[in-house]
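K.L.:
below is the structure, and that's it, no one-letter string:
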């Protein structure tokens, strides 16, 4: 059974760049760095078989595995023993070689016990060939160089192992989950904190795995621990909020809603159960469990300092915003329909404050203010609507509002000189000379000599271009009279 959170949809206007970069890094490591692994292993097997080291080591390997199962209680080695015996029965030397060359602990066992296992001639044969194969090929495999080896922990491998994978299936599965979870957590924390949290979760999950596999020489690779950390962070970010989860059971799938943190113990219990009862599957269950706890812990313990969730994360998605706006707008229009103008005004003001990018709201506020032209609000809304019309390149609407205000509200509260000047410039740009002259007369009435002089000069030049001499002469005379 698979359960993953599915609360958010990705906004490609703000792509999750760090998540995409992490996915690309894993892919590039697999293609270019790990791409040499098949060649190295093939060369190692070829030299190993040419020297007939499999004939020498296979009996020792069978005894070694039996001893591990019996004395070290290493039940997971039962599959290795079964695979070895089947390969020996079928005389599949290549598979025997692959098994023995891949077992780093077995190689160290041979180094320590060769005097007990073989006679002098066999020891010389082994010493002449096996260490060179190990150094030239096996030790250069990506998992051995940069994988996390519990028996040989190092700081850098706690990071590097997160970018290595065991095959295409392993890689693709992790990249899918990284994308599904990463874009939400990146949106919540921001790119820098998200990257730090991702790497820290991977390192902590590696430490937990190493604690349960202490002394193991088997390298751990993969981003699963880091991705489990993202799952832990995801549910911790939402806390007790009910969010949507996707589940898949056999061929059946569906969605359900539940408090986010309620799924954390479910996931954790599943990983622990699988660790104890699933048998040898090759899956690092305790790394997953460690990642889950690490991710949730980072947010729950440091959510008000280092890993604080950004306020913008909790803003509703665009579809939800649109739905909310539509409902609120419908309520305001209903108030208008009932002629409850005061309530409608408050509703439109609230909408305009939240949605300044929707000019239709300003139009409604202007129309409501126009009902009382004697109040200062009408002048304020008229000027605001004129500015909005000018910025949205609607000069006709600007002039219309200006003319309407002159007839209804100008006697109560005249417009500023700058208002008339903007109308004049807009009219000149759009060859509306009639209204430009009207705006000039209103401008003259404000008594602003600087704006009047400049407007007069512009009108004179404009009429001269059109060879309208009487008009041009009139404005030149006005310009001379008011230098």
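P.N.:
Nice, thanks for sending it over. The shown structure was predicted, so the numbers you read here are calculated from the model rather than taken from an experiment. Residues are numbered from 1 along each chain as shown.
K.L.:
need phi/psi at residue 13.
P.N.:
Main-chain dihedrals, residue 13, degrees, to the nearest 10: phi -70, psi -20.
K.L.:
measure how buried it is and give me the count.
P.N.:
6 (other CB atoms under 10 Å). Placement of C-beta: from N, CA and C, glycine included.
K.L.:
now do it against residue 139, distance only.
P.N.:
With distances taken as CB to CB, to the nearest Å, residue 13 is found 47 Å from residue 139.
K.L.:
kindly report the same for residue 95.
P.N.:
Taking CB to CB, one finds residue 95 at 21 Å from residue 139.
K.L.:
ok, residue 43 next?
P.N.:
Residue 43 sits 13 Å away from residue 139, going by CB to CB.
K.L.:
can you check residue 357 too?
P.N.:
61 Å.
K.L.:
which of these two has more neighbours?
P.N.:
In this view residue 357 and residue 139 are compared by other CB under 10 Å, and residue 139 has more residues nearby, 15 against 6.
K.L.:
and the pLDDT for that one?
P.N.:
With respect to pLDDT, residue 139 scores 95.
K.L.:
was I right to think it contacts residue 145?
P.N.:
Yes. Counting by CB atoms under 8 Å, residue 139 does reach residue 145; the two are 7.3 Å apart.
K.L.:
contacts for stretch 289-304 next, please.
P.N.:
197, 200-202, 204-209, 224-237, 261, 264, 267-268, 271-272, 275, 306-307, 309 (CB atoms under 8 Å, 6 or more residues apart in numbering).
K.L.:
can you do 7 Å?
P.N.:
197, 200-201, 204-205, 208-209, 225-226, 228-233, 235-237, 264, 267-268, 271-272, 307, 309 (CB atoms under 7 Å, 6 or more residues apart in numbering).
K.L.:
and the buried ones among the residues you listed, selectable in PyMOL?
P.N.:
Burial among the contacts of stretch 289-304 is assessed by 16 or more other CB atoms under 10 Å; the matching PyMOL selection reads:
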select buried, resi 197+200+201+204+205+208+209+225+226+228+229+230+231+232+233+235+236+237+264+267+268+271+307+309
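K.L.:
can you find the helix or strand in this structure with the smallest mean pLDDT?
P.N.:
Within the chain, confidence by mean pLDDT, DSSP states H and E is lowest for strand 2-5 among all helices and strands, at a mean of 83.
K.L.:
partners of that strand, with directions?
P.N.:
Strand pairing for strand 2-5, using DSSP bridges, gives strand 242-249 (antiparallel).
K.L.:
tell me which residues of the helix or strand that the strand it pairs with is followed by come out buried.
P.N.:
Using DSSP states H and E, the helix or strand that follows strand 242-249 towards the C-terminus is strand 252-259. Buried residues in strand 252-259, counting neighbours by 16+ other CB under 10 Å, are found at residue 258.
K.L.:
offset the numbering so it begins at 203, please.
P.N.:
Happy to do that; since the first residue is 203 now, the last one works out to strand 454-461.
K.L.:
next, the angle from strand 454-461 to strand 444-451.
P.N.:
150 degrees (axes from the mean of the first three to the mean of the last three CA atoms, to 10 degrees).
K.L.:
list of residues touching strand 454-461?
P.N.:
208, 442-449.
K.L.:
which residues of the stretch 453-602 of the chain fall in helices?
P.N.:
Taking DSSP state H, counting those that start in this stretch to define them, one finds helices in the stretch 453-602 of the chain at 465-479, 487-504, 520-539, 543-556, 561-571, 578-593, 597-610.
K.L.:
where are the low-confidence patches of the stretch 353-502 of the chain?
P.N.:
481-483 (pLDDT under 70).
K.L.:
same thing but 90
P.N.:
415-419, 442-459, 475-487 (pLDDT under 90).
K.L.:
does residue 661 really touch residue 675, like I thought?
P.N.:
No. Using CB atoms under 7 Å, residue 661 makes no contact with residue 675, being 11.5 Å away.
K.L.:
quick one, which of those two is more surrounded?
P.N.:
residue 661 (24 against 13).
K.L.:
ok, now which ones touch the more buried one?
P.N.:
Counting by CB under 7 Å, 6+ apart, residue 661 touches 638, 642, 677.
K.L.:
before we move on, back to that, tell me the mean pLDDT over the helix or strand following the least confident helix or strand of the chain?
P.N.:
Counting by DSSP H and E, the next helix or strand C-terminal to strand 204-207 is helix 219-230. Averaged over helix 219-230, pLDDT sits at 97.
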